[in-house]
Every structure is written in C-alpha cells, then in structure tokens.
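> just to be clear, the model below is a prediction. Sequence and coordinates:
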Amino acid sequence: MNNIKSKLILAFGTTITVLLLVMVLKSLYSKKSEKIQEIIDVRIEPALEILHEYRSFNNELYLIAINKISSAKNEKLTNRMKVITEVELPHLNKMAFDLIATFPQENPEFYAFSQIIGTTDNAIHNVEDMFIILQTKNDYEKIEKLNVSSTLNDKIALQFAEIDHLVAALQLQFNQENKSKRTELNRQLANLNKIIIISSTIAILISLFVAYKTIQSIVKPIKILQEGAKRISEGDYKYRVMLNGKDELNELGDNFNSMADSLSTSFENINSKNKELEQFVYIASHDLQEPLRTISSFSKLLKQYHGKLDDTGNQSLHFIAQATSRMQYLVKDLMDYSRLGSDKSLEQIDCEELLIGVQSDLSELIKETNTKLIIKNLPKVSGYKTSLGLLFQNLINNAMKFQNAGVKPIVEVFTEEDPNFWKFGIKDNGIGIAPQHQEKIFSIFKRLHTKKAYEGTGIGLAHCQKIVELHGGTIRVESEIDHGSTFYFTLAKKLLES
Ligand code: ADP
C-alpha cells in the first residue's frame, strides 16, 4: 500500500465488495423463496380451485341426472345440463389439462388429474345419452328405455363417486403440499432476514474496521508531523519525525526532516556568527579601554598645568575629560552587552525576591528622586538570574529617569495572565514617547534626548530586548507624550536551555 490514493481505494473497494456479497447472498435466498411462492401460485392454488369446481359441478350434474330418471321432461333441467356438459365441464377439463401439462408425467397428481378428466368426460357422455333416451313422457313408460337409463344412471353414480373420491384425495394431497410449502416459505423468509441482518452487520463491521485502519494510517503520520512542527517552532531544532511507511505522508516526513536539518544548520551558523561578532565587540571594547585609560590619566595629569593655561585651554581640558569619561561608559556598556547570555544556566527565580535586590541597587536614585515604587504579586519564573535582574533594573531606572522636572515618579511593576508566557508590565508617569519612536528606541545607541537633558548611552533598551529574546519573549512599549509609558515584556513559560 504505497500511497494514500491506494489506501482510500482499498477502503472503498472493500466496503463495496462486502456490500455486493451481501446482495448476492440476499438474491440467492430470495430466489429459493420465489421458487416456493411460484409453486404455490402456479400449481397448488389453481389445482385446489379446479378441484373445488369439479366437486360442485359434478354434484350438480349428479343431482340433475337423478332428477331426470325420476321425473318427466323438465326444460330448465335440460338447459342446465347442457350448460354444464357443453360449456362448464369441458372448460374445466381444459383448464385441468393445461395445468397438468406443466406437471412431470411420473407425478402421481398428473395421473389422478388425468383420471378425473377422463371419468368426467365419460360421465358427461352418459348423462347426455340418458337425456337422449328420456326425452318425452312416453320414454318413461317404455321399459327397455327405462332399463337402459337406469343402467346409465348406475354408471353415472359410480363415475361421480369415483370422481368425488379422486377429487377428495387430491384436495387432501394439495392441501398438505400447500401447508408444507407455506411452512418452508416462512422458514426461507426467516432465514433470509437472519442472513440479511448478520451479513449486513458483518459488512458494516468490516467496512468500519477498514475505514478505521485507513484513517489511522493517514491521521497518525499527520499527528507525528504536527508534533514535529510544534517542537521545531518551540526552538527544538534537533527534533526529527520518525515515519516508516512509503506513502506521500512519509515523503512529507522526509522533506520535513531535511527542512529541519537545514534549519538547524542555519541556526548553528547564525549562532556561531553571532558569537564571533560578540567576541569581536568584546575584544574591540576591551582593547579600546586601554587607550581611553591613557587619555584619562594624561588629561588628569594636564590638570596640574591649570594655572598655566588660558580659559580656552582649561575648557578644552575639561571637555576632553568629560568626553573620555562618556567614552569609558559607552565602551563598558558595549562590553556588558556583548557578554550578555554568555554565562547561561537556567534557574527558578522568585521575581519578588529579585525585585528586592534591584530595589536595593537603585535605593540611592529612588531616595534622590523620591520615587514611589509599587510592586504587585510577581510569579516564580525559569530564567537567567543576572540578566533578568538587569532587565528590571534598566526599565525601572528609565521609568525614574525620564520624568518632567518637579514630578514625583510613580513606578508600578505588575503581571498579567497568559497561558504560554509570563507577561510583565513596568508603568511610569513620565514624559512619554511619541508613537514614531516607540519601535526605534530598542535599537542600540538610539536616544531621543541630549546628554544634557537626560544622562545615558542608548544601550539600555537594546540590552532589555536581548535579555527578553534570550527568554523566548518579546518587548514593546505603549505610551503617549506627557502621559507616561508602560513597557510590556513576556518570558516563555516553557524555556529550553540553549
Ligand atoms: P538610555 O536610557 O541610555 O538613553 P535606553 O536604550 O535605555 O537608553 O533608552 C533609549 C531611549 O528611549 C531613551 O534615550 C529615551 O529617549 C527613551 N526611553 C526609554 N525609557 C523611557 C521611559 N520610561 N520614558 C520615556 N522615554 C524613555
């Protein structure tokens, strides 16, 4: 069974074959019943009817003959005799003859019917002869005519007795046959019913079984592929599906595995390129610190010449010292950024405890700005502790920093429900961010203000984004100028160690 089409053809084929078998069985059994019904309709019932007619005509003719011998001419009697002997009995004889023509000649019923036909014929002749002899009143007075008629009458009586006897015997036989055939017919019909019920049940069960097996052979690989797609989408690039048939779904499974292979190779390449890049940034920023330190110490040295320089010289020296210190901060932030995620070990973190630590690190700034920090029930999550601490610290720090002068900062940390993620929010009552800047601020070195207005290097939110992505989540901001900002970020509940 190499492809889905053949599987479906097999399922439908089996169902149709089984149904055809049921129909053949049904028609075989129906044929038997029809044969019995035909015997009853074509042989038994017409025979019984004919025999019944023989009995009544013969009785009537016998009575007419008896009356004829004892009474004088009677017109009505003669006419009735003529109808019976010339029309009704010959017609009945013909019907009986036609009927027995369908019987096999060795059949005893054939013989008995022939006897009835023959005897009836003879009786008709005798009755007719008697009516010819006894035509007038005078005929009844002639002794020889009366003798002949009387002999004929005896003969007729014997013949009618014989016919009656034969008819009664045949009626008994046909009645018995009728009864047995009807019993057989009922049995056949009951059998037919049973056969139909049993074979239909078997047919339905076979069809259901084949359909179930076919559906299973299609649905099972689809489920395996679905699981594979889910695992890969969750970041498990090493996951491969195991299918061992030869149909289209198995081919799809092979293609799926090759796709997963190239995906995981691409990711490995990207990861190694990223690592190289981070290494480069780390080395570059590390090496940059050395000349910076030299510039910084020499600018400090130059301060000794304070009295020997004019105002412009002193101011230039001050600018050099300031720029050097900013550069040192920048380089340090860059180094931190490149190092993020290098010491990876997943652990269960109680976010409320984590926030107590962050709060204590920021305690000076909180006091200085008189910030009201509200922390609502926070969950325990799995993640990288130092990075998560840094994430909260950056966002709370920004929330306190980007405020209008004279406003008491109110910062709120809260969580929202989501089935697959931990969702956090950090809300402030600060200066807000214009819609057109809300995406850009997550890029490295992107700042919306001058150093003079708000201190900073522009790396903080890039840091935050990197940390959130490391935890399988996303970060975004909702804000309006002068109406504060809320930074939302998610952390995956099922985090795979990378
Ligand atoms: P930095 O704080 O060093 O300037 P960030 O990357 O942390 O750098 O922030 C980038 C920019 O996003 C900031 O310069 C500021 O303009 C804006 N920003 C960040 N947080 C807030 C906030 N809570 N309210 C208003 N603006 C903010």
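Right, received. Where do you want to start?
> Trp153 contacts Ser70, correct?
Heads up, residue 153 is Asn, not Trp. No: in this structure, Asn153 is not within contact of Ser70 by C-beta atoms under 8 Å, at 9.5 Å. Every C-beta, even on glycine, is put in place using the N, C-alpha and C of the backbone.
> the more surrounded of those two?
Counting neighbours by other C-beta atoms under 10 Å for Asn153 and for Ser70 shows that Asn153 has the greater number, 21 against 9.
> name the SS class of the more buried one, please.
Recorded secondary structure, Asn153: helix (DSSP: H, G, I helix; E, B strand; the rest coil).
> ok, the nearest residue to it once chain neighbours are set aside - contacts?
Distance criterion C-beta to C-beta, 6 or more residues apart in numbering; nearest residue to Asn153, sequence neighbours excluded, is Ile69 at 4.9 Å. Listed by C-beta atoms under 8 Å, 6 or more residues apart in numbering, the contact set of Ile69 reads 130, 134, 149-150, 153.
> tell me the buried residues in stretch 374-383?
Neighbour-count burial for stretch 374-383, with 16 or more other C-beta atoms under 10 Å as criterion, is recorded at 375, 378, 381-383.
> and the helix or strand of the chain with the lowest mean pLDDT, what does it pack onto?
Every helix and strand of the chain was ranked by mean pLDDT, DSSP states H and E. The lowest is helix 311-339, at a mean of 81. Counting contacts by 3 or more C-beta pairs under 8 Å, 6 or more residues apart in numbering; DSSP states H and E, helix 311-339 packs against helix 248-302, helix 460-470.
> tell me the angle it makes with helix 248-302.
On the basis of axes from the mean of the first three to the mean of the last three C-alpha atoms, to 10 degrees, helix 311-339 is oriented at 150 degrees to helix 248-302.
> list the buried residues of the helix or strand following helix 311-339.
Proceeding N to C from helix 311-339, the next assigned helix or strand is strand 347-350, under DSSP states H and E. Buried residues in strand 347-350, defined by neighbour count with 16+ other C-beta under 10 Å: Ile349.
> in CSV, list the C-alpha atoms belonging to strand 347-350.
The C-alpha trace of strand 347-350 is given here as CSV (Å, rounded to 0.1, in the frame of the first residue of the first chain):
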residue,chain,number,x,y,z
GLU,A,347,17.2,28.5,37.3
GLN,A,348,13.9,29.1,39.1
ILE,A,349,13.7,32.7,40.1
ASP,A,350,11.3,34.3,42.5
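> could you point out which element follows that strand?
Counting by DSSP H and E, what follows strand 347-350 is helix 351-361.
> for the next helix or strand after that following helix, packing partners?
Elements were assigned by DSSP H and E; along the chain past helix 351-361, the next helix or strand is helix 363-369. Helix 363-369 is packed against helix 385-401, with contacts defined by 3+ C-beta pairs under 8 Å, 6+ apart.
> show residues contacting the helix it packs on.
Contact with helix 385-401 is made by 340-341, 343, 347, 349, 351, 354-355, 357-358, 361-362, 365-366, 369, 371, 373, 381, 409, 411, 413, 426-428, 430, 454-456, 460-461, 463-464, 467-468, 470-471, 485, 487, 489, 491, as judged by C-beta under 8 Å, 6+ apart.
> what's the angle from it to helix 311-339?
Interaxial angle of helix 385-401 relative to helix 311-339 (the same axes, to 10 degrees): 140 degrees.
> do helix 385-401 and the ligand come into contact?
Yes: under the criterion of C-beta under 6 Å from any ligand atom, helix 385-401 makes contact with the ligand via 394, 398-399.
> related to what we said a few turns ago, ok, which of the helices and strands packed on helix 311-339 comes nearest the ligand?
The ligand sits nearest to helix 460-470 of all the helices and strands packed on helix 311-339, at 2.6 Å, using C-beta to the nearest ligand atom.
> got the CA positions of that closest one in CSV?
The C-alpha trace of helix 460-470 is given here as CSV (Å, rounded to 0.1, in the frame of the first residue of the first chain):
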residue,chain,number,x,y,z
GLY,A,460,19.8,50.1,27.9
LEU,A,461,16.7,49.1,25.9
ALA,A,462,18.8,47.1,23.3
HIS,A,463,20.1,45.2,26.4
CYS,A,464,16.5,44.6,27.6
GLN,A,465,15.4,43.3,24.2
LYS,A,466,18.3,40.9,24.0
ILE,A,467,17.5,39.6,27.5
VAL,A,468,13.8,39.1,26.7
GLU,A,469,14.6,37.3,23.5
LEU,A,470,17.0,35.1,25.4
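> mind checking how far it is from the chain centre?
With C-alpha atoms, centre = their mean, to the nearest Å as the basis, helix 460-470 stands 44 Å off its chain's centre.
> please apply the same query to stretch 186-199.
35 Å.
> that stretch: which residues count as buried?
188-189, 192, 195-196, 199.
> show me which of the contacts of helix 385-401 neighbour the ligand.
Okay, of the contacts of helix 385-401 touching the ligand (C-beta under 6 Å from any ligand atom), that's 428, 430, 456, 460-461, 485.
> work out for me the element the residue nearest to Asn153 sits within.
Since the elements are taken from DSSP H and E, Ile69 ends up inside helix 45-70.
> for that helix, give the mean pLDDT please.
The average pLDDT within helix 45-70 is 89.
> what's the following helix or strand after it?
Next element after helix 45-70 (DSSP H and E): helix 75-82.
> what sits up against that next one?
60-61, 64, 67-68, 127-128, 131.
> what's the domain layout of this structure?
4-213, 243-339, 343-498 (automatic domain parsing).
> of those domains, give the one that comes closest to Glu227.
domain 243-339 (10.9 Å; C-beta to C-beta).
> is that closest one in proximity to the ligand?
No: applying C-beta under 6 Å from any ligand atom, one finds domain 243-339 out of contact with the ligand, separated by at least 8.0 Å.
> how far does that domain sit from the chain's center?
54 Å.
> out of the contacts of helix 75-82, who's nearest Ile224?
The shortest approach to Ile224 among the contacts of helix 75-82 belongs to Glu60, at 91.9 Å (C-beta to C-beta).
> quick check: closest non-adjacent residue to the closest one.
In space, Glu60 is closest to Ile84, 6.4 Å off (C-beta to C-beta, 6+ apart).
> that neighbour against Tyr62, yeah?
No: if you go by C-beta under 8 Å, Ile84 and Tyr62 don't touch, sitting 10.5 Å apart.
> before we move on, back to that, what residues sit buried inside the least confident helix or strand of the chain?
Buried-residue list, helix 311-339, by 16+ other C-beta under 10 Å: 314, 317, 321, 324, 327-328, 330-331, 333-335, 337-338.
> and of those, the nearest to the ligand?
Using C-beta to the nearest ligand atom, the buried residues of helix 311-339 come closest to the ligand at Asp333, 8.0 Å.
> residues contacting that closest one?
The contact partners of Asp333, taken as C-beta under 8 Å, 6+ apart, are 457, 459, 463.
> same check on Asn404?
By C-beta under 8 Å, 6+ apart, the contact list for Asn404 reads 430-431, 482.
> tell me the SS of it?
coil.
> ok so Glu455 is a strand residue?
No: according to three-state DSSP, the state of Glu455 is coil, so it is not within a strand.
> since that was my last question, I'll sign off now.
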